[in-house]
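Chemist: Just to be clear, the model below is a prediction. Sequence and coordinates:
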Amino acid sequence: MDLDGLPQLMVTIGQVRSVDGVLGSIVTGLAQDRSVVLARIWLAGPGDLCDSCQFRADCPDQSRCLHLAASAGNARADRADYTRLTGTFCRIPIGYRKVGLVAKDRVGRLVMRPDTEWAEPGWVEREQVEAFAGQPLIFEGDLLGVLGLFDRKRLDQEHLRWLRIFADHAAGTIATARAFEELETLRRRLEGENEYLQDEVRAAAGKHGLLGDSPAMSHLIRQIELVAPTDAPVLILGESGTGKELVGQAIHDRSRRHSRSLIKVNCNAIPGELFESEFFGHVKGAFTGAAKDRLGRFQLADGGSLFLDEIGEVPIHLQAKLLRAVQDGSIERVGDERARRVDTRVIAATNRNLAREVEAGRFRLDLFYRLSVFPIHVPPLRDRRDDIALLARHFVQLATKRLGRPRLRLRPDQVAELRAYDWPGNVRELQNVVERAVILADARGLHLELGAGAIPGAARSRAVSDGILTRPELKRLERESISLALERTDGKLFGSGGAAELLGMKPTTLASRLRALKLTRRRPP
């Protein structure tokens, strides 16, 4: 070991700001001396390879061990690759052999040949190793790891003393680099959150909270209040337009994570090849176009919640990685070999029947069970008709304020018309109908146009020829189908052999459709 080169090496590593850069500079700098056979750094870490580690039987504490993090040297006999981080000694139990004892006792050790306890005898002979020196890497009382040096020259206590000085400087540099990396991660995360939140603010104009006092809505709110204080995953089920995203927001706002962000991802809007990068992030150069490191949504939501809308759209080949993130809080960025831990609560939503997706082999059963620890069903608007008037008036107020229109009111007959309509598009359709009515309003008041989204003119002809039906045509077919079912069952609605069973719908839903379509039935004898 060249003592004269240590001061310059200390200056060099002090200018590096990444942990990997610091570790690499230390071992390559020491290996500049051709008498150094091998310079290595092991860092203290979790016992992650215990099942396959050959030292498991000798490990007193399998929760923690030394991880080989950097290696360099000068091979003579077998031209071995001394930069690799795998092999027999990639993990060393704390307290086992010389390197492990350095970590346990936190005291430097100097071992001279012929004592071969600290290395394989055959390797010592081939490389003509004469000495081993090891020093613990300690910063502010915490053990960071061990610096080990195998040399072809005989070393003495002066070498060990200088290695102690160098190890103390190296430990401080490693800790500083870790702090810089954490700050950089936080900076990128804050930038990402800021950009995301700005998009949310722009998109959130006119958004409202959960409204309604119907029995169905009261039950939904009770479920939210029960699960919100926990960290359990939640699966929100419901038709399109029922307000599943608002339910997810309500769960987050009532949780202990409310001070952090609720990051929202529409799985249906992400191209298949970008799913992994979007969820877990990527490192620079991981693929074409990856010009810089990017944090994924799981890291952005660390400490907060992640809302995964349309969870059924996640490709089957990525669901195992998603399961690991949900279950263990462990993620790997694309192009990165190191797993990272996140504390993210997952709230998923879908309008699909995930049980059928599992049966069809398009969704993993284990992921389904993990996500549906606490399923919440958001009722469609037709099942909470008592809330329609309240919602409609709220939307009128929002629309008039946003569009700068004078104060407008719904007439009682218009409220009755809204309540009678079936709302296939649920709350979203109601909001659109009301906003359209505010735009069309004149001196006589609001003008409602239910089902106004039908395709007009020539486009309608093309749509019908393609097998797409307009809303009036669908309504006509529904009327004919229900009338035929009533005729075949002699007007019997409920029970075995009734029209509801024949049509495959709930009796209450059939009764509601009869009122909406103004159909009458012949009473069974």
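Modeler: Arrived safely, thanks for sending. Given the structure is predicted, the values throughout are model-derived calculations rather than measurements. Numbers count the residues shown, from 1 in each chain.
Chemist: What segments of the stretch 151-300 of the chain are strands?
Modeler: Listed in chain order, the strands of the stretch 151-300 of the chain (DSSP state E, counting those that start in this stretch) span 234-237, 262-266, 281-282, 294-295.
Chemist: ok, and for the first one, which residues are buried?
Modeler: Residues of strand 234-237 classed as buried under the neighbour-count rule (16 or more other C-beta atoms under 10 Å) are Val234, Leu235, Ile236, Leu237. For the C-beta atoms, the positions are set from N, CA and C on the backbone; glycine is no exception.
Chemist: The first one contacts Arg370, doesn't it?
Modeler: Translated: Val234. No. Val234 is beyond contact range of Arg370, at 11.4 Å (criterion: C-beta atoms under 8 Å).
Chemist: in the stretch 351-500 of the chain, which ranges drop under the pLDDT threshold?
Modeler: The stretch 351-500 of the chain contains residues with pLDDT under 70 at 452-473.
Chemist: In CSV, could you pull the C-alpha coordinates for stretch 313-331?
Modeler: Output of stretch 313-331 as CSV, limited to C-alpha atoms (Å, rounded to 0.1, in the frame of the first residue of the first chain):
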residue,chain,number,x,y,z
GLU,A,313,-55.9,-2.3,-18.1
VAL,A,314,-52.5,-3.2,-16.6
PRO,A,315,-50.8,-5.8,-18.9
ILE,A,316,-50.6,-9.2,-17.4
HIS,A,317,-46.8,-9.4,-17.7
LEU,A,318,-46.4,-6.3,-15.4
GLN,A,319,-48.9,-7.4,-12.8
ALA,A,320,-46.4,-9.5,-10.9
LYS,A,321,-44.2,-6.4,-10.4
LEU,A,322,-47.2,-4.4,-9.4
LEU,A,323,-48.1,-7.1,-6.9
ARG,A,324,-44.6,-6.8,-5.3
ALA,A,325,-44.9,-3.1,-5.1
VAL,A,326,-48.4,-3.3,-3.4
GLN,A,327,-47.5,-6.1,-1.1
ASP,A,328,-43.9,-5.4,-0.1
GLY,A,329,-43.4,-1.8,-1.0
SER,A,330,-40.5,-2.8,-3.2
ILE,A,331,-39.9,-1.3,-6.6
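Chemist: Return the closest of the buried residues of strand 234-237 with respect to Leu137.
Modeler: Of all those, Leu137 sits closest to Val234, with 43.6 Å by C-beta to C-beta.
Chemist: contacting residues around the closest one?
Modeler: The neighbourhood of Val234, defined by C-beta atoms under 8 Å, 6 or more residues apart in numbering, consists of Val227, Gly248, Ile251, Val346, Ile347, Ala348, Val373, Phe374, Pro375, Ile376.
Chemist: The residues you listed, buried ones only, as a PyMOL selection?
Modeler: This is how PyMOL selects the buried members of the contacts of Val234, with burial counted by 16+ other C-beta under 10 Å:
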select buried, resi 227+248+251+346+347+348+374+376
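Chemist: Now intersect the contacts of Val234 with the strands, please.
Modeler: Among the contacts of Val234, the ones falling in strands (DSSP state E) are Val346, Ile347, Ala348, Phe374, Pro375, Ile376.
Chemist: Now render those as CSV, adding distance to Val22.
Modeler: Converted to CSV, these look like this (distance: C-beta to C-beta, whole Å):
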residue, distance to Val22
Val346, 35
Ile347, 39
Ala348, 40
Phe374, 45
Pro375, 48
Ile376, 48
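Chemist: picking that back up, relative to Val342, which of the buried residues of strand 234-237 is nearest.
Modeler: Closest approach between those and Val342, by C-beta to C-beta: Val234, at 17.5 Å.
Chemist: Who is the closest one paired with across the strands?
Modeler: Ile347, Phe374 (DSSP bridges).
Chemist: Can you check what pLDDT the model gives it?
Modeler: pLDDT for Val234: 95.
Chemist: what does Arg126 give?
Modeler: We have a pLDDT of 84 for Arg126.
Chemist: After the host helix or strand of it, which helix or strand is next?
Modeler: Here Arg126 sits within helix 121-127, counting by DSSP states H and E. Using DSSP H and E, the helix or strand that follows helix 121-127 in sequence is strand 131-139.
Chemist: Parallel or antiparallel, which strands does that following strand pair with?
Modeler: Note on strand 131-139: by DSSP bridges, its sheet partners are strand 109-112 (antiparallel), strand 142-151 (antiparallel).
Chemist: Could you give me the buried positions within the shortest one?
Modeler: It refers to strand 109-112. By 16+ other C-beta under 10 Å, the buried positions in strand 109-112 come out as Arg109, Leu110, Val111.
Chemist: I'd like the distance between the last one and Phe132.
Modeler: In this structure, Val111 and Phe132 are 5 Å apart, going by C-beta to C-beta, to the nearest Å.
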